[in-house]
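> Below is the structure, and that's it, no one-letter string:
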């Protein structure tokens, strides 16, 4: 089956604005997402489902934290690092946040250069994004090692409510997995860009479909989502 | 431009390729000045620093929670709107993606009541805690 025909918004009857326009777009016998390619729409819908997964994790963390009689360990102290003789609260997490935001910035610029068909800059920026992502995972591994040597387990910890460990390992572990998968796919897409696959329309090794520079943007959507989830984890788990 | 060829296969087969390419370009391309991304990047840094400082200075209580939530929502909004290009998407797409996560708040409310009830039962059966 060939790619579905794009509905061209410029060849359609004009839509009413606001809610009426949305209803018209969603009405029967037509594509709901007019000017969005199937690849981008499917990535968005996947991200929506992933939002629900992370939403459920954060919800269960909230439920556990509200319902426990034992005081919750203070994340500000748990994640403090001793640098130069003084305890700095939450410093590793702050650095991880900045690293991930920077990787989002380089990714956004990679998407931009991709549409300008600047192969070299796109590939370099994507590899930079992957490097920052790998740095993030490395720091997370350091954090996990530190907490495990201090005695944090999914069933208990030295400072308070036993649920702290299970919430921490589940939420940050799942997020770290997402980052790791993102790094792998970034490297794959960067290689394709570098080789010029999207210029010559070389079929992909798995789907046999021709890629486009839009693939870089779809990859970017996933990567920004990983950053987005971290914004929520940072706020609810580390700062709350 | 696979999209353009796909269009060519459809009912617009007689349209010139150039026309199809131009149409596809107008449809899917997201080209914005690099400066926009750098500005958003800078703002994300500022907002992250702010939320870190909330913890650093040990602000407590409702002020802490509201500040955390405000900085979080601003950061999330910037990422979704600019980095993920949601601000330039069609309204039908925006609502389809953004509305469902907001409905999770109903679930949150339910679980707050449930957790409060669990805590109450635990206190009633095991005492107010160690």
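Great, that's in hand. Note that this is a predicted model, so its numbers are computed, not measured. Numbers count the residues shown, from 1 in each chain, chains lettered A, B, ... in the order given.

> Run a quick neighbour tally on residue A:36.
For residue A:36, the neighbour count with other CB atoms under 10 Å in any protein chain shown is 22. All C-beta spots, glycine's among them, are computed from the backbone N, C-alpha and C.

> And the spatially closest residue to it that is not a sequence neighbour, what's its pLDDT?
Distances taken as CB to CB, 6 or more residues apart in numbering or on different chains place residue B:93 nearest to residue A:36, at 5.6 Å, with adjacent residues excluded. We have a pLDDT of 89 for residue B:93.

> Neighbours of residue B:93, how many?
20.

> And residue A:174, by the same measure?
So residue A:174, with other CB under 10 Å, has 15 neighbours.

> Nearest spatial neighbour of it, chain-adjacent residues omitted?
residue A:57 (6.5 Å).

> Residue A:66 too?
residue B:115 (3.6 Å).

> Which residues are in contact with that neighbour?
A:62, A:63, A:64, A:66, A:67 (CB atoms under 8 Å, 6 or more residues apart in numbering or on different chains).

> any chance of the residues you listed in TSV, plus neighbour count and distance to residue B:124?
Formatted as TSV, those follow (neighbours: other CB atoms under 10 Å in any protein chain shown; distance: CB to CB, whole Å):
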residue	neighbour count	distance to residue B:124
A:62	18	22
A:63	21	18
A:64	18	19
A:66	17	16
A:67	19	13
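
> I'd like those residues laid out as TSV, including pLDDT and secondary structure.
Shown next, in TSV, are the contacts of residue B:115 (pLDDT from 0 to 100; DSSP: H, G, I helix; E, B strand; the rest coil):
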residue	pLDDT	secondary structure
A:62	95	helix
A:63	95	helix
A:64	94	helix
A:66	94	helix
A:67	93	helix
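
> hang on, the residue nearest to residue A:36 packs against residue A:44?
Yes: between residue B:93 and residue A:44 a contact is recorded at 7.2 Å, counting by CB atoms under 8 Å.

> center of chain B - which residue?
residue B:80 (4.1 Å; CA atoms, centre = their mean).

> pLDDT on stretch A:171-179, on average?
pLDDT averaged over stretch A:171-179 gives 96.

> Who's the closest spatial neighbour of the residue nearest to the centre of chain B, skipping the chain neighbours?
Nearest to residue B:80 is residue B:86, by CB to CB, 6+ apart, at 4.9 Å.

> And the helices in chain A?
Ranges of helices in chain A, per DSSP state H, are A:18-26, A:38-67, A:75-78, A:91-115, A:119-149, A:163-195, A:197-200, A:214-233.

> Go through these and name the closest to residue B:105.
Closest to residue B:105 of the helices of chain A is helix A:38-67 (CB to CB; 9.8 Å).

> which intervals of chain B have sub-threshold pLDDT?
In the predicted model of chain B, residues B:1-30 satisfy pLDDT under 70.

> That one - how does it break down into domains?
With automatic domain parsing as the criterion, the domains of chain B are listed as B:1-31, B:32-88, B:89-130.

> Report whether stretch A:179-193 contacts chain B.
No: using CB under 8 Å from any CB of the partner chain, stretch A:179-193 stays clear of chain B, coming no nearer than 14.0 Å.

> Give me the buried stretch members for that stretch, please.
Buried residues in stretch A:179-193, counted by 16 or more other CB atoms under 10 Å in any protein chain shown: A:179, A:180, A:182, A:183, A:185, A:186, A:187, A:189, A:190, A:192, A:193.

> and residue B:41, how many neighbours?
Neighbour number of residue B:41 under other CB under 10 Å is 20.

> try the one 10 residues further on
When neighbours are counted by other CB under 10 Å, residue B:51 registers 24.

> Done for today, thanks.
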